[in-house]
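Enquirer: requesting a structural model of the entry that follows:
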Amino acid sequence: MDVPKVEVDSGVESVQLPCKATLHLPEDVTVEWTDRKNRKVHVYEDDSDQPEEQHQVYRDRTKMNEDLLKTGDLSLTLNHPTEEDTDTYTCTAYSRRGRVLMKERVQLYVGVPQVEVDSGVESVLLLCKATVHLPKDAKVEWKDDYYYDDYYYDDYYYDDYYKRKVHVYENSSDQPHKQDQVYRDRTTVKRNLLKTGDLSLTLKYPTDGDNHTYTCTVYSRWKRILMEKQVTLKVRESDGFDETMRAASVPHQKESDRSSSLYTPVDFY
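Expert: Here you go, the predicted structure:
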């Protein structure tokens, strides 16, 4: 049987993953949403949600209908979907004794726009427009997807995206000391960005070392995500590109410096 597909663009506030009960559900039913890695996306048990059972990636980002047992609508709402959420999700209903009553799957694809430029250009603009009203005390962070790591430890599966801070705007001003040194003196955002809603980032002297997916995230004062949008940068190598220009455009990073760079795990709020 074909798995239904849901497609959305990065930057939408939320996406709904559909799941309808195919039989009558008992009052003591347990409903679990899991991803392809069998991480728990959302758990409903004992007539209530169980957020402590969620994987941290999905913490504070999911919800189900309050009257799901009455309506049989087990659909899941996932807030602020990003490229990392592109996956196959499984909705499973269990009896009190753990017997599988029903199981449905749905594929989610989150599309990310791509910007392409030739190496040697002076700068590139990574677009991000606010889709919500931004409070005056909002924090804006641009991060890259430096690398992804997954591993097993003590029979548990772990996975982390390590993202470098590209640009930070907080307390009504830029915070260059919070940037990773790779981007130091290479980024700018527009003035009055919270008022205009234009959170776009200008990245100077892009090279193929900047080929990443960049995430623009806006947080409230209480660190709640207000919006999140991504854009992928592709810098094409030009024929005869001067290597001295590359060396001049990107600060040299010693091995000793790398250990102190701001390689920070993705924040989950």
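
Enquirer: spit out the contact partners of the residue nearest in space to the middle of the chain.
Expert: Nearest to the mean C-alpha position of the chain, by Cα atoms, centre = their mean, lies T82 at 4.1 Å. Listed by Cβ atoms under 8 Å, 6 or more residues apart in numbering, the contact set of T82 reads 10, 110, 215, 228, 230. The way it works is simple: take the backbone N, C-alpha and C, and place the C-beta from them, glycine included.

Enquirer: just give me the neighbour total for the third one.
Expert: The local packing of T215 (other Cβ atoms under 10 Å) involves 24 other residues.

Enquirer: surely it touches I225?
Expert: No - with contact defined as Cβ atoms under 8 Å, T215 does not count as touching I225 (10.7 Å).

Enquirer: helices along the stretch 1-150 of the chain, start to end?
Expert: Using DSSP state H, counting those that start in this stretch, the helices found in the stretch 1-150 of the chain span residues 68-71.

Enquirer: where along it do the strands fall?
Expert: Secondary structure of the stretch 1-150 of the chain (DSSP state E, counting those that start in this stretch): strands located at 5-9, 14-17, 30-34, 40-45, 48-49, 62-64, 76-79, 87-94, 100-111, 114-118, 123-126, 139-143, 147-153.

Enquirer: all strands of the stretch 151-269 of the chain, in order?
Expert: 156-170, 173-174, 187-189, 201-204, 213-219, 225-236, 263-265.

Enquirer: I'd like the average pLDDT over the last one.
Expert: When the per-residue pLDDT values of strand 263-265 are averaged, the result is 40.

Enquirer: ok, now the fourth one?
Expert: The average pLDDT for strand 201-204 rounds to 98.

Enquirer: the second one now?
Expert: For strand 173-174, the mean pLDDT works out to 96.

Enquirer: can you give the contact residues for that strand?
Expert: 167-168, 189.

Enquirer: now with 10 Å?
Expert: 140, 167-168, 187-189 (Cβ atoms under 10 Å, 6 or more residues apart in numbering).

Enquirer: who wins on neighbours among those residues?
Expert: Neighbour max across these (other Cβ under 10 Å) = H167, 26 neighbours.

Enquirer: can you tell me how far the residue lying closest to L25 once chain neighbours are set aside is from L125?
Expert: Excluding the flanking residues, the one nearest L25 by Cβ to Cβ, 6 or more residues apart in numbering is L69, at 5.4 Å. Between L69 and L125 the distance is 49 Å, computed by Cβ to Cβ, to the nearest Å.

Enquirer: higher neighbour count, these two?
Expert: L69 (19 against 12).

Enquirer: one step back: look up how far N211 lies from the residue nearest to L25.
Expert: Taking Cβ to Cβ, one finds L69 at 48 Å from N211.

Enquirer: likewise for A21?
Expert: A21 is 44 Å from N211, by Cβ to Cβ.

Enquirer: so for these two, which sits in the more crowded spot?
Expert: A21 (19 against 13).

Enquirer: what's around the closest residue to Y109 other than its chain neighbours, how many residues?
Expert: Nearest residue to Y109, sequence neighbours excluded (Cβ to Cβ, 6+ apart): E7, at 4.7 Å. For E7, the neighbour count with other Cβ under 10 Å is 11.

Enquirer: let's have the chain start at 172 instead
Expert: Sure, I'll start counting at 172 from here, so that last one is E178.

Enquirer: how about the contacts made by E178?
Expert: 186, 257, 278-282.

Enquirer: check what pLDDT it gets.
Expert: 98.
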